[in-house]
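S.K.: fold the following.
(one chain, ligands or ions: 1)
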Amino acid sequence: MDDRSWANSVLSKLDAKMTYGVQKAQTLDGIPYTVQGSEWKSNGIGWWTNGFWPAEMWQMYLATGKELYRAEALRAETLMDEALKNFTRLHHDVGFLWLINSGVHYALDGNADSLTRMLFAGNILAGRYNPNGFIRAWNDNNDGTRAGWSIIDTMMNLPLLYTMSAYTHDPRFALMAKSHADHVIQNFFKPDGSVYHIVCYNAETGAIEDTPAGQGCAPGSSWSRGQSWAMYGFMLSYLHTGDRRYIAASRRVSDYFLSHMPEDMLAPVDFCQSAEPHLIDNCANGIAACGLIELAKAIQDEAPEAAESYMNAARALLRALDEHCADWTEKTPAVLTHCTSAYHDEAGHHIAMDYGDYFFIEGVRKLAGETRLFWKPLDFAK
Ligand code: GLY
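M.R.: Residues are numbered from 1 along each chain as shown. Here you go, the predicted model:
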């Protein structure tokens, strides 16, 4: 079956499943994160994944035109205002929270409140920039223990800063984003092309002090979701800046990822994990597929054979999710069954997670022909 036919058939299944999921969500006083029994479970307002649920709704709204999805996106966006009021507890994931949520809402209908939310979030992210060249990731108890911690996931929040510069015509934000991305090129790559999850800088001097395990299995290991954040994150920096060094960086980590994938094309949680327990992470499949599709498009003219091979890999990653890890029944409101929060978090092994579903939907919609990029919403009108 060609990509478009396959993607359209999956979108029909997604529409049926998501319609059910939205009805369940409307009885929840919160935003779906995972599933408990047969019900959605929220993780509180301000949890870093909150934006993926409204983003799923916008993806489905654009795919189907159904008002149900738009209304649910607005419900979630409004609930999230609580997090902006308590902004001192916010963190680097404000791009995940508001770019693909309020940024997309603003792009679609010019909603002024959504623009304010996005600009507020962008200023918070800019406020986390350390002049040693990187963006601070996580918070601590105001004891400075994580003041110099930079993580690979931040690559996916940089599009909010590029968008800030595009909107304000002020390069400060994009300069911070580029500086961060360049530090990642310089300091996160290992000789085999994989990336660390965490690099701990000395917050005063910028010297590297440690590279702990983070969500992977051991220090120096290769957490698959971290590899996929880098694959897609570098492509998004390329798409915002036109700087082809970011394509090269994405390609380097993509080659590592693909050369370490098992035959069944289901990403392990960590490429360095032992054979047992056999842990997989469906989120890494979807994120990597989205990155590979953008990579293939970007190198199509200069390297058509490599582009075709990246497209084949993206296709296989998404089809593996549909074939082996998607629950299309009403036993659960979520789609993917084998997302994993972290290697050492047993309760978070092989569960449903909203961003797993989000990247699966985004990838399927790309294969169905969607070219609007939720990570660059100001271009929607172009
Ligand atoms: N730290 C974000 C993630 O779990 O990928």
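S.K.: pretty sure residue 273 sits in a helix.
M.R.: No: assessed with DSSP: H, G, I helix; E, B strand; the rest coil, residue 273 is coil; it does not lie in a helix.
S.K.: and it, how far from residue 227?
M.R.: Applying CB to CB, to the nearest Å, the value for residue 273 to residue 227 is 13 Å. Bear in mind the C-beta positions are built from the backbone N, C-alpha and C, glycine included.
S.K.: can you show me the helices along the stretch 51-200 of the chain?
M.R.: With helices called from DSSP state H, counting those that start in this stretch, the stretch 51-200 of the chain shows them at 52-64, 67-79, 81-85, 94-98, 104-109, 112-126, 158-168, 172-187.
S.K.: residue 273 and residue 227: who's more crowded?
M.R.: residue 227 (28 against 20; other CB atoms under 10 Å).
S.K.: which ones are touching the more buried one?
M.R.: Contacts here follow CB atoms under 8 Å, 6 or more residues apart in numbering; on that basis residue 227 touches 194-195, 253, 256-257, 271, 284, 288.
S.K.: per-residue pLDDT, it?
M.R.: Per-residue confidence for residue 227 comes out at a pLDDT of 98.
S.K.: any part of the particular helix or strand that has it in it near the ligand?
M.R.: Applying DSSP states H and E as the criterion places residue 227 in helix 224-241. Yes: using CB under 6 Å from any ligand atom, we find that helix 224-241 touches the ligand at residue 225.
S.K.: give me the angle between that helix and helix 158-168.
M.R.: 20 degrees (axes from the mean of the first three to the mean of the last three CA atoms, to 10 degrees).
S.K.: re the thing from before, between the helices of the stretch 51-200 of the chain, which one is nearest to the ligand?
M.R.: helix 94-98 (8.5 Å; CB to the nearest ligand atom).
S.K.: what does that closest one rub up against?
M.R.: By CB under 8 Å, 6+ apart, helix 94-98 touches 48-52, 80, 83, 90, 117-118, 120-122, 124-125, 156-161, 355.
S.K.: residues of the chain that sit close to the ligand?
M.R.: 153, 215, 225.
S.K.: who wins on neighbours among those?
M.R.: Of the residues of the chain next to the ligand, with other CB under 10 Å as the count, residue 225 tops at 28 neighbours.
S.K.: so what's it closest to, chain neighbours aside?
M.R.: In this structure, residue 225 finds its nearest non-sequential neighbour in residue 284, 4.6 Å apart by CB to CB, 6 or more residues apart in numbering.
S.K.: what count of nearby residues applies to that neighbour?
M.R.: Quick note: residue 284 (other CB under 10 Å) scores 30 neighbours.
S.K.: now swap in the one 10 residues further on and tell me
M.R.: For residue 294, the tally of surrounding residues (other CB under 10 Å) stands at 23.
S.K.: just the angle between the host helix or strand of residue 284 and helix 224-241, please?
M.R.: Taking DSSP H and E as the definition, residue 284 sits inside helix 282-299. Here the directions of helix 282-299 and helix 224-241 differ by 30 degrees (the same axes, to 10 degrees).
S.K.: counting contacts, what elements does helix 282-299 pack onto?
M.R.: The criterion is 3 or more CB pairs under 8 Å, 6 or more residues apart in numbering; DSSP states H and E, and the helices and strands that helix 282-299 contacts are helix 224-241, helix 245-259, helix 304-324, helix 354-367.
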